[in-house]
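*Asks:* predicted model and sequence below, questions to follow.
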Amino acid sequence: MCLAVPRYHSGSVNSESGRPVPLSTRHVGPQHRPGLPGGRGNVDKGRVSRCATLRHVITAAVVSLCHVVPRCATLSVALTVLFAVLLAHGAVCTGASGNPAVTVTRLLLDDGTAAAAALGVAGQILGAHLGLVVARRYWALEMTDLHVIKALMGAECSTALRSSPAQGFCVEAACGATFTLLHLGLRRKPALLRVPALAATLTFLSHAGRNYTSGVANPALAYALTFRCSGFSFTQYALVYWLGTLAGTFNVIVVVRHCSTAHGDT
């Protein structure tokens, strides 16, 4: 008969009984445990962070193309293409966002860290510019007469702000508040309901605000599209497209948190 004899380490002694401690019962330090600090866990977290930033870049590029390429067509065709692409994007790129307002919303709701949010916003701005570069390359192919005209106009820049900065601030704040409220209301709903609703809302905001600010409700997209255009200063653009959108987003979050607190107290 074979008996299982525990292995002992000469340097491990029980302080109470003075007997050796089996290796199987010795304490294993964090450095030997997978997934803990100092092990593979940090590598996995870094990889996830890089993948999330890359997804933000790709998503912002797609959103930028959604708003730029359809401008060559009529209003009805442009809105149809915008809705279709936003619908496909929402179905494929689940969890990623090309809008810094969404990233700020998640941060204020304690869903993520400040470092991850900063990387996400940087990726969104980079992706928006990347989308514009792709759009210019697309127009340069001159596949239709409209593309030829757009390519000739490519050197010029027409501002998306067609109202006063004060009025534009109010419009973008309203658009940002509407989108944030719907985003928070639908975030736990099935994708079959959430994706079409958000795509339809963004399309409606773009149509409703086309004579004021183009209803962008996206600071990264606005920075890539119109901040370099003449007509207004950088400060005025920032007031409308950055502070306006973020003000609407912040107000919605404050109201939602207040209502949640009041509901919890009752």
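*Replies:* Structure received.

*Asks:* check the burial of the residue nearest to Ser158 when sequence neighbours are not counted by counting its neighbours.
*Replies:* Here the nearest residue to Ser158 in space, its sequence neighbours aside, is Cys229; by C-beta to C-beta, 6 or more residues apart in numbering that works out to 6.4 Å. C-beta coordinates here come from the backbone N, C-alpha and C atoms, glycine included. Residues contacting Cys229 under the criterion other C-beta atoms under 10 Å number 14.

*Asks:* what does Asn211 give?
*Replies:* Using other C-beta under 10 Å: Asn211 sits among 11 other residues.

*Asks:* and if you look at Phe250?
*Replies:* Other residues within reach of Phe250 by the criterion other C-beta under 10 Å amount to 19.

*Asks:* and the gap between it and Val256?
*Replies:* For Phe250, the distance to Val256 (C-beta to C-beta, to the nearest Å) stands at 11 Å.

*Asks:* try Thr249
*Replies:* Shown here: Thr249 relative to Val256, a distance of 11 Å by C-beta to C-beta.

*Asks:* tell me which of those two has more neighbours.
*Replies:* Legend: neighbour count by other C-beta under 10 Å for Thr249 and Val256, higher for Thr249 (27 against 16).

*Asks:* and for the strand or helix carrying the more buried one, what are the contacting residues?
*Replies:* Thr249 is part of helix 245-265, with elements assigned from DSSP states H and E. Residues external to helix 245-265 that are found in contact with it (C-beta atoms under 8 Å, 6 or more residues apart in numbering): 101, 104-105, 108-109, 169, 172-178, 180-181, 184, 216-219, 222.

*Asks:* one more pass at 7 Å, please.
*Replies:* The set of residues that contact helix 245-265 without belonging to it, under C-beta atoms under 7 Å, 6 or more residues apart in numbering, is 101, 104-105, 108-109, 172-177, 180-181, 184, 217, 219.

*Asks:* out of the residues you listed, which one sits closest to Val85?
*Replies:* The shortest distance between Val85 and any of the contacts of helix 245-265, using C-beta to C-beta, involves Ala217 and amounts to 16.4 Å.

*Asks:* can you pull the phi/psi pair for Asp110?
*Replies:* Asp110 has phi and psi values of phi 60, psi 30 when expressed as degrees, to the nearest 10.

*Asks:* now it: how far from Arg257?
*Replies:* For Asp110, the distance to Arg257 (C-beta to C-beta) stands at 11 Å.

*Asks:* where in this protein is pLDDT low?
*Replies:* Residues of the chain that meet the criterion pLDDT under 70 lie in 1-53, 55-56, 59-60, 62-78, 89-96, 142-156, 263-266.

*Asks:* could you pull out the helices for it?
*Replies:* When assigned using DSSP state H, the helices of the chain occupy the ranges 40-68, 75-92, 100-108, 114-140, 145-152, 165-186, 191-208, 219-226, 234-237, 245-265.

*Asks:* give the buried residues for stretch 176-193.
*Replies:* For stretch 176-193, a neighbour-count test (16 or more other C-beta atoms under 10 Å) marks 176-183, 186 as buried.

*Asks:* now swap in stretch 228-237 and tell me
*Replies:* Of the residues in stretch 228-237, those scored as buried under the neighbour-count criterion (16+ other C-beta under 10 Å) are 232, 236-237.

*Asks:* with stretch 192-212 instead?
*Replies:* 194-195, 197-199, 201-203, 205-207, 209, 212.

*Asks:* just those residues now: which is nearest Leu161?
*Replies:* Minimum distance to Leu161 across these is 7.9 Å, recorded for Tyr212 (C-beta to C-beta).

*Asks:* I'd guessed the closest one sits against Ala166; true?
*Replies:* No - counting by C-beta atoms under 7 Å, no contact exists between Tyr212 and Ala166, whose distance comes to 11.3 Å.

*Asks:* report the contact partners of the closest residue to Thr203 other than its chain neighbours.
*Replies:* Nearest in space to Thr203, with sequence neighbours left out and distances taken as C-beta to C-beta, 6+ apart, is Phe83 at 4.4 Å. The contact partners of Phe83, by C-beta under 7 Å, 6+ apart, come to 199-200, 203.
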